[in-house]
Structure formats: structure tokens, C-alpha cells
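Asker: requesting a structural model of the entry that follows:
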Amino acid sequence: MTGPLRDFTFLEIAGLGPAPFCAMMLADMGATVIRVDRASRVRAVADRSASSDVLNRGRRSVGVDLKHPRGAEVVLQMAESADGLIEGFRPGVAERLGIGPEQALARNPRLVYGRMTGWGQTGPRAKQAGHDIDYIALSGVLGAVGPRDANPVPPLNLVGDFGGGGMLLAFGLLAALLEAQTSGLGQVVDAAMVDGSALLSTMQYALKHGGLWDGDRGDNLLDGGAPFYSTYRTKDELFLAVGALEPQFFADLLTGLGLDASAIGDQYSRAGWPEMRTVFAGRFRERTQAEWVAAFDGLDACVAPVLDFDNAHEDPHNVERGTFLEVAGLRQPAPAPRFVRTPPAIPDRAYPPGSHTDEVLTALGWSGDELEALRAEGVIR
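Answerer: A predicted model of the protein is given here:
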């Protein structure tokens, strides 16, 4: 194994979205991550060597029936030799299953127990159902995204599920692990998507307090309101992203567009923004996306082509950096960030549920007869 986390082991109770993303990030960094999949998800397939779910890459999988009376014991024995555990149940569910923090920490006092939820472990909404769109709605983020005179637009499920969820939990787990190196004690990490998405909007609060965010959606510097921080349609019906916030970059933008600065007016005068947008939109429609990319080559105008999931991997910059990779014929984003001395582990593949039940449990001390008995009882698959 390579990567800066190669000496750490995590137990992942399989879930959806942010928790698997957190586990994927840890595995990408070289950690040994064992995913506990529900026995009901384990299917007898001819080829157990790979799965198309690249979010599960880099981990081994054990199939356990958590509702079986002996299922909790299997998980707790695995937790005894782990550094961290990740679960994404609603508050109270892990406790009812017998694998909550109290039970797990009693078996392994150094364990860092990561809990991933939308609303958090406390609060009046804690046990309610929800999804990314609900969490970022309550944090104030959703209300700031979208055109001024239209409904708010969810920014995929990136802000709640992944940025304010899975990535926040990964950060919390590593912070707790660092503290445990000194104290010798584990603890619970309560990562909530409503908290994390609110945290991601800290800069907007700074802008608001500085008078640079007036509260109207779609009428501010970073939400598409400014004509020099927006997207434009090109002649071939594609798009360009423009982010020329600073005066020097705005000057290069006008140069690339072939526009006279004196005719455009003050960059930061909001009164002139509607006319400026009209001029920019008309000019960008005169050429194709590729022609504009060529025109801005060498200029610090902060202009980039808007790519999609089908062609982002073809961009020369992404190609040279290896931003995307292909594993088992499946294209996917590469591990990040990059480390000079301990480079991240490149995942070999994503495995179907239950692909390593015997392998993992045997390594942890279960005998063949014990595994056979557990399987016969329906505890494992």
C-alpha cells in the first residue's frame, strides 16, 4: 500500500452518498478500508472482481446481516482492530443495532467513531428524513444559488452530500485521529451536512458583512450577477466560463474580446452591468467555443470552456495532470490531493458487496468452521 494513510484501518458501514465518499477518500490515501455491506445486498454473481460503482473503489467488502442477533458481534470484533469507523444511519439506529459509539468504544477505546447525517445527532429535525437539497436549504446555501427572478437551483448534490458531508467527515476523522495519538482515546465525530454546507458559505458571510453581497440571489459578484463572473453561450451552442474579477484580469478579458475599455465603463458600477452583459453576450456568440479558447490563450482573462462529464477528461490540462483515470474500463476522477513523498494509492477497482467476507474475517482470526457456522445462520454472506 502507498499513500499517507497506509498505516490506518477504517471500518465503513455501507450507506449512500457522503459516507461512501468519505471512505473512498480515505482509501485513495492508502488507508485500509473494510466496507460492511448488508447481507441482503450480496448477490451471487459470476464475476465478483469488479463493480461499476466507482464510489466504492479501493475497499474490500464483507457481507453481514446487521439485524441478526450475532451481526453486531461480527462488526464489533472488526472494530477492535480498526482506527476509525464510519456510519451514516439516522440518530439512534446504530445503537439499536448494537454497534453504536458506546458499544464500539467499549471494545476499542482508541476508536474514532464517525457519524454522517444530514441534520446532525441533535436538534428538532435530527431524526427526520432529508436529502442534500433539504440540508442546503436550511443552511442558507440553496437560497443563494440560481437566477434572481427564478427558483433556487440545486448545485447537484455537491455542497451538502460531498463537500459539506463526506469531505467534512474525512477531515473530522483525521483531526480526531491526530488527537488520539496524544490522548490515547477515541471519540465521536458528529458530521452534519447542514453544518458543513453552512461552513462552506463562510466567505459569503464575509462579503455580506463587507457590503459586497446585498442578499438578492443572482445579483452579486460570485453568483452570476456580475457580467465578468458568469457564463456565455458561443456560436456553436456551447459555453464559456468567465471569472475576471480583478481589474487586471478584466483588462485582459476586454483585450481578448477586442473591446475598448473606455466604451465598457467602470467594471464595478452595477448600473452598467446590464449593458455590459449584453455586449459580452453578443461578442461571445460571434465565435465557437474552441475559437474563443484559442483567442484567450496566453491571456490572464480567467476564461475557460464549460466541459461536461463526457469530455472533461480530454482537456489538455486534465490529460497532463492525470486528473481523470480509467480503472477496469471505467473512467473516474483520480485521487486528490497529491503528495510528493507518499503519493495516493491508485484504486485497483470497486468490488461488489460481500466480495471479501471470508478473506477479511479469516485475517481477523475467525476459523473456517466459525465462518461456515455464521454463514449457515445467515449472519454473513
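
Asker: the strands in the stretch 51-200 of the chain, which residues?
Answerer: 60-64, 84-87, 112-117, 187-192 (DSSP state E, counting those that start in this stretch).

Asker: pick the most buried one from these.
Answerer: strand 84-87 (a mean of 28; mean count of other CB atoms under 10 Å). From N, CA and C alone the C-beta is placed, and that goes for glycine too.

Asker: what's the longest helix anywhere in the chain in contact with?
Answerer: Longest helix in the chain, counting residues (DSSP state H): helix 167-183. With contacts defined as CB atoms under 8 Å, 6 or more residues apart in numbering, helix 167-183 is touched by 8, 10, 18-19, 21-22, 25-26, 83-84, 86, 110, 112, 114, 116, 186-187, 189, 191, 193, 195-196, 199.

Asker: ok and that helix relative to strand 112-117, angle-wise?
Answerer: 160 degrees (axes from the mean of the first three to the mean of the last three CA atoms, to 10 degrees).

Asker: list the buried residues of helix 167-183.
Answerer: Met167, Leu168, Leu169, Ala170, Gly172, Leu173, Leu174, Ala176, Leu177, Ala180 (16 or more other CB atoms under 10 Å).

Asker: pLDDT on that helix, on average?
Answerer: For helix 167-183, mean pLDDT rounds to 98.

Asker: how far does it sit from the chain's center?
Answerer: 18 Å (CA atoms, centre = their mean, to the nearest Å).

Asker: now the angle from it to strand 187-192?
Answerer: Angle, helix 167-183 to strand 187-192, by the same axes, to 10 degrees: 160 degrees.

Asker: pull out the CA atoms of helix 167-183 and give them to me as CSV.
Answerer: Extracted in CSV, the C-alpha atoms of helix 167-183 (Å, rounded to 0.1, in the frame of the first residue of the first chain):
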residue,chain,number,x,y,z
MET,A,167,-15.3,15.6,2.9
LEU,A,168,-16.2,17.2,6.3
LEU,A,169,-16.4,13.8,7.9
ALA,A,170,-13.0,12.8,6.4
PHE,A,171,-11.5,16.0,7.9
GLY,A,172,-13.1,15.3,11.3
LEU,A,173,-11.9,11.7,11.4
LEU,A,174,-8.3,12.7,10.6
ALA,A,175,-8.4,15.5,13.2
ALA,A,176,-9.7,13.1,15.8
LEU,A,177,-7.1,10.5,14.9
LEU,A,178,-4.3,13.1,15.3
GLU,A,179,-5.7,13.9,18.8
ALA,A,180,-5.9,10.3,19.7
GLN,A,181,-2.2,9.9,19.0
THR,A,182,-1.6,12.1,22.0
SER,A,183,-4.5,11.2,24.3
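
Asker: how near is Glu370 to Gly146?
Answerer: 56 Å (CB to CB, to the nearest Å).

Asker: of those two, which one has the most company?
Answerer: Legend: neighbour count by other CB atoms under 10 Å for Glu370 and Gly146, higher for Gly146 (17 against 12).

Asker: any idea how far Gly218 is from that one?
Answerer: Distance from Gly146 to Gly218, by CB to CB: 6 Å.

Asker: likewise for His209?
Answerer: From His209 to Gly218 the distance is 20 Å (CB to CB).

Asker: and Phe171, by the same measure?
Answerer: Taking CB to CB, one finds Phe171 at 31 Å from Gly218.

Asker: same check on Pro274?
Answerer: Taking CB to CB as the measure, Pro274 falls 13 Å from Gly218.

Asker: which of the two has more neighbours?
Answerer: Applying other CB under 10 Å to Pro274 and Gly218 shows that Gly218 carries more neighbours, namely 17 against 10.

Asker: ok, the more buried one - contacts?
Answerer: Counting by CB under 8 Å, 6+ apart, Gly218 touches Gly146, Pro147, Arg148, Asp149, Gly224, Gly225.

Asker: so who does the first one touch?
Answerer: The reference is to Gly146. Counting by CB under 8 Å, 6+ apart, Gly146 has contacts Pro152, Val153, Arg217, Gly218.

Asker: can I get those residues in a markdown table with pLDDT?
Answerer: As requested, these are exported to a markdown table (pLDDT from 0 to 100):
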| residue | pLDDT |
| --- | --- |
| Pro152 | 97 |
| Val153 | 96 |
| Arg217 | 92 |
| Gly218 | 92 |
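
Asker: what's the pLDDT at the closest residue to Lys67 other than its chain neighbours?
Answerer: Once flanking residues are discounted, Lys67 sits nearest to Leu97: 7.2 Å by CB to CB, 6 or more residues apart in numbering. Looking at Leu97, its pLDDT stands at 97.

Asker: Leu97 contacts Arg70, doesn't it?
Answerer: No: assessed by CB atoms under 8 Å, Leu97 is found out of contact with Arg70, at 11.9 Å.

Asker: show me where pLDDT drops low in the chain?
Answerer: 1, 43-50 (pLDDT under 70).
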